[in-house]
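need a structure here:
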Amino acid sequence: MKDRMIELGYAAGWRLVRALPLPVAKAVFRAAADRAYKANGRGTQRLRGNLRQVVGEGMPDTLVRDALRSYARYYMEAFRLPSQSRADFLDGFFMEPESYRQLKQSVEDGTGAVLALPHLANWDVAGAWVAAHDWPMITVAERLKPEAVYKQFLAYREKLGMHILPLTGGERPALEVLAEHLAKGWIVPLLGDRDLSRNGVEVEFFGGRTRMPAGPAILAIRSGAPLFAVDLWFDEQRTVSRMRRIVPPAEGPLDERVKKTTQMLADAFAAGIADHPQDWHMLQKVWL
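Presented below is the predicted three-dimensional model:
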């Protein structure tokens, strides 16, 4: 019964938010974020601790409020995305010119590209923007519970033009399928700042130790495809992006190369998050 209510709630949310005028939707989600900030629940407290690790002890608490508003904006935009057009996707996202040139070149050369992203701003908008260019793209998604909610998110992202694999429980290992598509020149974006397997690579991150998934590094090293760490942030109207090229070590045992490459990704993520900490949507435990 509980799972069914959650499923119905998400379905209603998608329909309702798309029907609201944009200024009304913005006001509703901003108010919800402010209520969450005042309530100071477990997620808000975790977010505060994560941001303090990023910014330091002198962090203004208004950063937590702004981060919750940014997170609410992500959900508001995500719920509205299925009703938007190709032109909307192209207008709602901006990639800095040199990064755009590198990504476009990767597609044209047929090498594909591995894009490692932290949970910054709106990564679904980024995926829709890639699809709007008719660039083939495949990624993975965490299996949410209940299963019906996972299927709703799956259908939503596939409607935007993304090909989605389940992180776990698929017919074949996700990494194997991703590698096959990468060899065909596809773009493979992967969220990389939180390890869901508990078997990730231990790295240093904002002065502490955490684990990050090895997938982006393994795919790039084995395939030779270019690897980029992606920065995302919100401006008043859109999600903005730039990419940082990561060059894995060419020699040494695979496990050492994966470890060094993942640490380079962690350093690149840290640089992007430090520039726009209010847009880092991390309400879960990060550091060991």
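
For Gly215, give me the pLDDT.
We have a pLDDT of 95 for Gly215.

what about it, how many neighbours?
For Gly215, the neighbour count with other Cβ atoms under 10 Å is 26. (Each C-beta comes from the backbone N, C-alpha and C, glycine too.)

For it, give its distance to Val188.
9 Å (Cβ to Cβ, to the nearest Å).

shared neighbours of these two, anything?
Leu178 (Cβ atoms under 8 Å, 6 or more residues apart in numbering).

Quick check: beta-bridge partners of Arg211?
Listed by DSSP bridges, the beta-bridge partners for Arg211 are Glu202.

The host helix or strand of Leu51: what's the following helix or strand?
According to DSSP states H and E, Leu51 maps onto helix 42-55. For helix 42-55, the succeeding helix or strand toward the C-terminus, using DSSP H and E, is helix 62-80.

From Glu204, how far out is Phe20?
Residue 20: Leu, not Phe. Per Cβ to Cβ, Leu20 is found 43 Å from Glu204.

The two - which one has more neighbours?
Leu20 (16 against 12).

quick one, what contacts the more buried one?
Val28 are the contacts of Leu20 under Cβ under 8 Å, 6+ apart.

just to revisit the earlier point, just the CA atoms of the helix holding Leu51, as CSV, please.
Taking Å, rounded to 0.1, in the frame of the first residue of the first chain, the C-alpha atoms of helix 42-55 are listed here in CSV:
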residue,chain,number,x,y,z
ARG,A,42,18.0,14.4,8.8
GLY,A,43,18.6,15.2,5.1
THR,A,44,19.1,18.9,5.8
GLN,A,45,21.5,18.1,8.6
ARG,A,46,23.5,15.8,6.4
LEU,A,47,23.6,18.4,3.7
ARG,A,48,24.9,21.0,6.2
GLY,A,49,27.7,18.7,7.3
ASN,A,50,28.7,17.9,3.7
LEU,A,51,28.8,21.6,2.8
ARG,A,52,30.8,22.4,5.9
GLN,A,53,33.4,19.8,4.8
VAL,A,54,33.5,21.7,1.4
VAL,A,55,33.5,25.3,2.7
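
Give me the mean pLDDT for it.
When pLDDT is averaged along helix 42-55, the result is 97.

Need the contact partners of that helix.
Residues from elsewhere that reach helix 42-55 (Cβ under 8 Å, 6+ apart): 36-37, 59, 61, 63-64, 67-68, 206-208, 273-274, 277, 280, 282-287.

Name the SS class of Leu103, please.
What DSSP: H, G, I helix; E, B strand; the rest coil gives for Leu103 is helix.

Show the contacting residues for the residue found closest to it once you drop the neighbours it is linked to in the chain.
Nearest non-adjacent residue to Leu103, counting by Cβ to Cβ, 6 or more residues apart in numbering: Ala113, 6.2 Å away. With contacts defined as Cβ under 8 Å, 6+ apart, the neighbours of Ala113 are 103, 106-107, 187-188, 225-228.
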